Structure formats: C-alpha cells, structure tokens
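Student: turn this into a structure:
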Amino acid sequence: MILESHVNADGEPLLTLSWNHDFVFQDIPNVGKQHQPAATKNQINAVLKNKQVKARDKVLITLAASTGLRVGEILALRVGGSWKNDGVIRVTQSIWKGKTQLPKTASSLREINLAPSTNAMLAEFTADMPQGAFIFATRTGKPLDAAHIRKYILKPTGIPGMHSLRRYRATFLREKNVPYELIQAWLGHARGQDVTERYSKLDEDQELRTAWAERVGTGLDLSLATKSQMGKVGHPARQSQNNH
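Tutor: Got it, this is the predicted structure:
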C-alpha cells in the first residue's frame, strides 16, 4: 500500500507492483481461534467485596466493566472534562505511554450513556477532586500507566486483562437485548456493511440511549466500590486535604 501510493507530480504510480500471494503466504501458519477471556460477574463482584482492594482500583475495574472503555480512554478521563456528572462520558482523548492522543479510531470518538449507579459511583469517588484532574492518577497527578494497572491492579485481583472487562460489558448488553446499534456506539465499534444497519439512526436518539442505559444497568453493585474506602484512594487532591 505504501509503495503503490508513491506517485509523480501527475498522480501516476512510479512503481508497478505485482504480488505473488500464493508465494508470500505459503509459510504463514493458520492462527485459528484465539483465546479471548471475558471477566465474569462473579470475578468482578469478588473484587467489589474484597476489603483489601483500594477504592480507586475498584472504581477503575467496575467503570471499565460498566462502560466498555478501553484502558487508554479510562486513563484520559478528567473531572469536569470527559465526565461532568451528567450521566455521560465523552470520549475525545486517550492516553498512551503517558501521552495524550486521539482515540484508537474515528468510531472511538463517542458518548457513553451511564447507568445511574455508575454515575453515582463516579460522583462519590471524585467528590474532592479539582476540576480538570485525571480521575485515575498517581500521587503527582499524572495519569496511571497501563502497565501499572495490568501488574498491580488486575493481576492481584484475578481480572484477566482490561479487555476482558470490555468483553464483559459487550456480553452483558447482548444478554439484555440492547439494540445492536447502541452497543456499537457505546463500545466505539464501526458500523458493519449491512445496509439496514448503516441506515438505522437509533444510536442518535438521546432519549432512547438514556432509557436503555438506565434500564439495563451494569449487573453489579457499584456502591461497594467506594463505601468505607474513600480514605484509602491515594488521589493527590484527597491526600492534600488529609494532610491539612
């Protein structure tokens, strides 16, 4: 593709390519079905009930399971920015290796309607955070690192990767018979090739989106994510207040 895009001033290809696909692909193994684990309701509930797990970590895990956000999208969440305590998360940025960038694809730029329990969890968790602060931050206010989440949050709690929480959400929404267009919109997936699917505008109906988010919920008791643990979060804003 890169070579074919190399053209002269008149827009004509500089190189003529002819690929022998049978030769190129003759030694490539057949990958087959890959292992794609999905976190289960029992696994997530076990994290919620575990008093040894920090509130921050519980909120991060359950937010991912309640929204289907990718890890970079979660790390880019800011108080009063991508979330304004209005029942909607607006995905406009992502974090990769500590740097802010655009999300993975054009379809990733989206709005996710939250269940009331999810919005209430975030409101309680961020109550003392300043406007503009990263919701999941280090003690210096910088966004957490994805490797830190994988090694020190997910692995100790038995969650098989951040994407397993995204799969939990997708599976849960399908089980609740949520319209497929809404599932695609919330997860940030591109529309398929089916004409009817591309013509449908269900995902643009805000009242319908809100109604479905409230109706299906999360399948989890998110109040357990913050109860009696607010002092154990370690967020810089809250730590500063505790010091005074």
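Student: number of residues surrounding His122?
Tutor: Not quite, residue 122 is Leu, not His. Residues lying near Leu122 (other CB atoms under 10 Å) number 24. Backbone N, C-alpha and C define where each C-beta goes, glycine included.
Student: hang on, it is in a helix, isn't it?
Tutor: Yes. Assigned with DSSP: H, G, I helix; E, B strand; the rest coil, Leu122 falls within a helix.
Student: quick check, it in contact with Leu63.
Tutor: Yes. Between Leu122 and Leu63 there is a contact at 7.1 Å, judged by CB atoms under 8 Å.
Student: now the helices for the protein?
Tutor: Under the criterion DSSP state H, the chain contains helices at 21-24, 41-49, 55-67, 71-75, 116-125, 146-148, 155-157, 162-175, 180-187, 195-199, 206-216, 236-243.
Student: count the neighbours of Asp145 for me.
Tutor: Neighbourhood size, Asp145 [other CB under 10 Å]: 16.
Student: actually Asn8, sorry about that
Tutor: By other CB under 10 Å, neighbour count at Asn8 equals 8.
Student: so which of the helices of the chain gets nearest Ser107?
Tutor: helix 180-187 (7.8 Å; CB to CB).
Student: which strands and helices sit next to that closest one?
Tutor: strand 110-113, helix 162-175, helix 206-216 (3 or more CB pairs under 8 Å, 6 or more residues apart in numbering; DSSP states H and E).
Student: follow-up on the earlier one: format the helices of the chain as TSV; extra columns: distance to Asp86.
Tutor: Shown next, in TSV, are these (distance: least, CB to CB, whole Å):
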stretch	distance to Asp86
helix 21-24	52
helix 41-49	25
helix 55-67	15
helix 71-75	18
helix 116-125	8
helix 146-148	27
helix 155-157	30
helix 162-175	20
helix 180-187	16
helix 195-199	29
helix 206-216	11
helix 236-243	21
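Student: isn't Gly80 right up against Thr126?
Tutor: No. With contact defined as CB under 8 Å, Gly80 does not count as touching Thr126 (9.1 Å).
Student: the two: which is more packed in?
Tutor: Per other CB under 10 Å, whichever of Gly80 and Thr126 has more neighbours is Thr126, with 23 against 13.
Student: got a list of what the nearest residue to the more buried one once chain neighbours are set aside touches?
Tutor: Using CB to CB, 6 or more residues apart in numbering and skipping residues adjacent in sequence, the residue nearest Thr126 is Val79, 5.1 Å away. For Val79, the contact set (CB atoms under 8 Å, 6 or more residues apart in numbering) comprises 126, 129-133, 135.
Student: and Val79, how far is that from Leu102?
Tutor: Remark: distance between Val79 and Leu102 (CB to CB, to the nearest Å) = 21 Å.
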